[in-house]
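Novice: structure, please.
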Amino acid sequence: MKFLLASNSPRRRELLSELVPSFEVVPSRFEEIAKEGERGEERCLRFAEGKAREVFARFPDAAVLGADTVVVFGGEILGKPKDEADAFEMLRFLSGKTHSVYTGVCLVTPEGERSGVEETFVTFRPLSDEEILSYIKTGSPFDKAGAYGIQDSGFAAAFRGSYSNVVGLPLERVREYVKELHL
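Specialist: A predicted model of the protein is given here:
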């Protein structure tokens, strides 16, 4: 059975290659529209399911994996920053504090569907304005929820849970789904 990743994320491609030796990338056309009052874990699961189901509708004989990651602090969902000022504000907001990273994952196959949400707690060390500005200048924050990559920022002092979840794909959960659906 053909395996499809419904994501353009280079980090998700890299992580998935650790579990699935051969797959294709088919970006989803699902429109990500936030709902008022929606919690982070609800949004990322709804988006992951929407992405996977949209691609599966076009390729009904394939296994399709969708995922979506959000950063949540104090009940506020931090998506990808709109610009440098937004990235700076997000990183200042997270500096020296613990936040949650949620990734919703959905695997759809002709035999069924599995979906769920993984949560990882990340604690940032205190960040100086100079560190934040230097990181923003790399361009790295702009395609990442919460304006940072745990793998390239050096901001995390500690984390509890799945490291790969923070990068963008909880491998432990995906491995379980792949096993359950006998792929």
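Novice: just the element for Lys179, please.
Specialist: Taking DSSP states H and E as the definition, one finds Lys179 inside helix 171-180.
Novice: residues of stretch 129-136 that come out buried?
Specialist: 131-132, 135-136 (16 or more other Cβ atoms under 10 Å). C-beta coordinates here come from the backbone N, C-alpha and C atoms, glycine included.
Novice: my guess is Pro141 contacts Asp152. True?
Specialist: No. Using Cβ atoms under 8 Å as the test, Pro141 is too far from Asp152 to be in contact (9.7 Å).
Novice: looking at these two, which is more packed in?
Specialist: Shown here are Pro141 and Asp152; by other Cβ atoms under 10 Å, Pro141 has more neighbours (25 against 14).
Novice: circling back: mind listing what's buried along the helix holding Lys179?
Specialist: 171, 173-174, 177-178.
Novice: before we move on, back to that, closest one of the buried residues of stretch 129-136 to Thr69?
Specialist: Tyr135 (18.4 Å; Cβ to Cβ).
Novice: check which helix or strand the closest one maps to.
Specialist: If you go by DSSP H and E, Tyr135 is part of helix 129-137.
Novice: and that helix, how far out from the chain middle?
Specialist: Centroid separation between helix 129-137 and its chain, computed with Cα atoms, centre = their mean, to the nearest Å, is 23 Å.
Novice: many thanks, we can stop here.
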